[in-house]
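Asker: generate coordinates for the sequence data below:
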Amino acid sequence: MTQSPFDIEVDQITLAQARRGSLPACERIFRWFQQPAYSVALRICQCPDTAQEVTQEAFITVFRKLRQYRGDAPFWGWLRRVVVNHAISTLRRSPRAQELEFQDYHASSHGQQEQLGLAMDLEAALASLGDEDRAVVWLHDVEGYGHKEIAEMFGKTESFSKTRLSRARARLRSLLEGPGESIPGEAPGGKAAGGIAP
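Answerer: Numbers count the residues shown, from 1 in each chain. Alright, predicted model coming up:
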């Protein structure tokens, strides 16, 4: 079972050393969180090179502002917010849709192949959305951010987030659902039902 980044505890000694600029301590933190940070950036930006740049910029910011982390919440929650903010800033600077490239996967059973096909359909549908629409639906339905938080990230009003989410879901529905079916994350009728599965 894969460990959630929320379960990774950064001990106080490592934090204290990193705050003093210790490279070994910073490297440990980077190794622990680099992959989940990159995954979040990639989900939002949809471009591996851009996601790598966002991840690096986010860690630079994290280490520069490490004293602002008070330790009263999981370290990953704080770091993830930094990654998301950098990813959103990148989208706003370069609002171009990116094509999603898929690797070749091999499933060992028909059930796995069917599940993989559905997941790839959803990935492809998400990739077809505009940058901002895709980011809003991912942040809201998968990462669990509220409309107010998303609006603040984009420097917009809550109605911006709600409108983008509604439009993105409608687009996903048109791409994914058949007659009488609903997209992942929605109950019948288009109502949210807990979010899109990652």
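Asker: can we go C-alpha only for contacts and neighbour counts from here?
Answerer: Will do.
Asker: check which residues of stretch 28-40 are buried.
Answerer: Neighbour counts over stretch 28-40 (16 or more other CA atoms under 10 Å) mark 29, 33, 34, 36, 37, 38, 39, 40 as buried.
Asker: could I get the average pLDDT for it?
Answerer: Regarding stretch 28-40, the rounded mean pLDDT is 93.
Asker: ok, and what's touching it?
Answerer: 5, 8, 10, 51-52, 54-55, 59, 76, 79-80, 83-84 (CA atoms under 8 Å, 6 or more residues apart in numbering).
Asker: which of the residues you listed are buried, as a PyMOL select command?
Answerer: The PyMOL selection below is limited to those of these classed as buried (16+ other CA under 10 Å):
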select buried, resi 5+51+52+54+55+59+76+79+80+83+84
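Asker: how does this structure divide into domains?
Answerer: Structurally, the chain divides into domains by automatic domain parsing as follows: 1-98, 109-198.
Asker: ok so, going back, would you list the buried residues of stretch 28-40 in JSON lines and tack on secondary structure and distance to residue 166?
Answerer: Converted to JSON lines, the buried residues of stretch 28-40 look like this (DSSP: H, G, I helix; E, B strand; the rest coil; distance: CA to CA, whole Å):
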{"residue": "29", "secondary structure": "helix", "distance to residue 166": "37"}
{"residue": "33", "secondary structure": "helix", "distance to residue 166": "32"}
{"residue": "34", "secondary structure": "helix", "distance to residue 166": "32"}
{"residue": "36", "secondary structure": "helix", "distance to residue 166": "27"}
{"residue": "37", "secondary structure": "helix", "distance to residue 166": "27"}
{"residue": "38", "secondary structure": "helix", "distance to residue 166": "27"}
{"residue": "39", "secondary structure": "helix", "distance to residue 166": "24"}
{"residue": "40", "secondary structure": "helix", "distance to residue 166": "22"}
